[in-house]
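S.K.: pasted the sequence and its predicted model underneath.
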Amino acid sequence: AVFGPIDETAISKERADRARVQVTVLNAAPMQEEDLNVASAGNAGQSRDPNAERILTGVLEQVIRTRLHPRKLINVTVQVINDAGSLLACALLACSGALLDAGIDMTGVPSAACCAIEEDGKVLADPTKAEEAAAGHVFCCTGADDGKVLALQTRGVLSREVLDESLDLATNACTAARAFLRMSFNQTAAQQLAAKPLPPATN
């Protein structure tokens, strides 16, 4: 969900020349023990994921035209119902779709993909939770319309060859995901226009 641009709620965090982007990730899904170690208390029965919030905020601050809304707040809330794997990529794609639907001005549509690198070097795209747990490394990247990598997160040690292969696979997946987001948005916009035709022009 996207709320904003609205008046900044924390005066001490107000930015005179741009809007502040705040991302909240609420996880209602059962979390692994290592995830609970970094999670903080959220709403009743939920936990927050500060690592995911930091990464998502950093990406969205790069693409949202925040200078159009000085002293404002753009609040993005991600509600995780079920974590079947590739959570960070799924959350970023959900943020992109919500920002498009809310009409927030952006320089491009960010997208994301996760890859798991097995012990034998095989690279898996869009891994499940079980594949992530069994893999030696997990890789996630986000790219904008120009193909620029906005964020990159790895776990474990990657050779240059494996990193290049993973990056190629992930950026291709980002392109496909971004095309799907645009198609979905265009279809929704066309349906809304068809349901509410424009009034006839008057002289």
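M.R.: The structure has been received and is ready for your questions.

S.K.: going forward, measure contacts between C-alpha atoms and count neighbours the same way
M.R.: Fine.

S.K.: can you tell me the element the spatially most central residue of the chain falls in?
M.R.: For the chain, the residue nearest the mean C-alpha position is residue 92 (1.2 Å; CA atoms, centre = their mean). Element membership for residue 92 (DSSP states H and E) is helix 87-102.

S.K.: ok, now residue 145?
M.R.: Counting by DSSP H and E, residue 145 is found in no helix or strand.

S.K.: just checking, it touches residue 112?
M.R.: No. Using CA atoms under 8 Å, residue 145 makes no contact with residue 112, being 11.6 Å away.

S.K.: and the longest helix that the chain contains, what's buried?
M.R.: The residue-count maximum for a helix in the chain (DSSP state H) belongs to helix 160-195. Neighbour counts using 16 or more other CA atoms under 10 Å place 163, 166-167, 169-175, 177-178, 181, 185 of helix 160-195 among the buried residues.

S.K.: same question for stretch 123-135.
M.R.: 123, 124, 125, 126, 127, 128, 131, 132, 135.

S.K.: just the ones of those in helices?
M.R.: Here DSSP H is the test, and the buried residues of stretch 123-135 give 131, 132 as lying in helices.

S.K.: quick one: least confident helix or strand in the protein?
M.R.: helix 33-36 (a mean of 46; mean pLDDT, DSSP states H and E).

S.K.: residue 107: how many residues sit nearby?
M.R.: 11 (other CA atoms under 10 Å).

S.K.: which ones are touching the residue nearest to it when sequence neighbours are not counted?
M.R.: Among residues not flanking residue 107 along the chain, residue 63 sits closest, at 5.2 Å (CA to CA, 6 or more residues apart in numbering). Counting by CA atoms under 8 Å, 6 or more residues apart in numbering, residue 63 touches 106, 107, 108, 109, 110, 144.

S.K.: so who does the fifth one touch?
M.R.: Counting by CA under 8 Å, 6+ apart, residue 110 makes contact with 59, 60, 63, 92, 93, 96, 142, 143, 144, 145, 178.

S.K.: tell me the SS of residue 112?
M.R.: strand (DSSP: H, G, I helix; E, B strand; the rest coil).

S.K.: find the nearest non-adjacent residue to it, please.
M.R.: Going by CA to CA, 6+ apart, residue 112 has residue 142 as its nearest residue, at 4.2 Å.

S.K.: pretty sure residue 72 is in contact with residue 17, am I right?
M.R.: No. The criterion here is CA under 8 Å, and residue 72 misses it with residue 17 at 9.5 Å.

S.K.: thinking again about what came up before, how about the helix or strand hosting the residue nearest to residue 112 as CSV, C-alpha atoms only?
M.R.: If you go by DSSP H and E, residue 142 is part of strand 137-143. C-alpha atoms of strand 137-143 as CSV (Å, rounded to 0.1, in the frame of the first residue of the first chain):
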residue,chain,number,x,y,z
HIS,A,137,24.5,-18.5,-1.9
VAL,A,138,21.5,-16.3,-2.5
PHE,A,139,21.7,-13.4,-4.9
CYS,A,140,19.2,-10.6,-5.4
CYS,A,141,19.4,-7.6,-7.7
THR,A,142,17.2,-4.8,-8.9
GLY,A,143,17.4,-2.9,-12.1
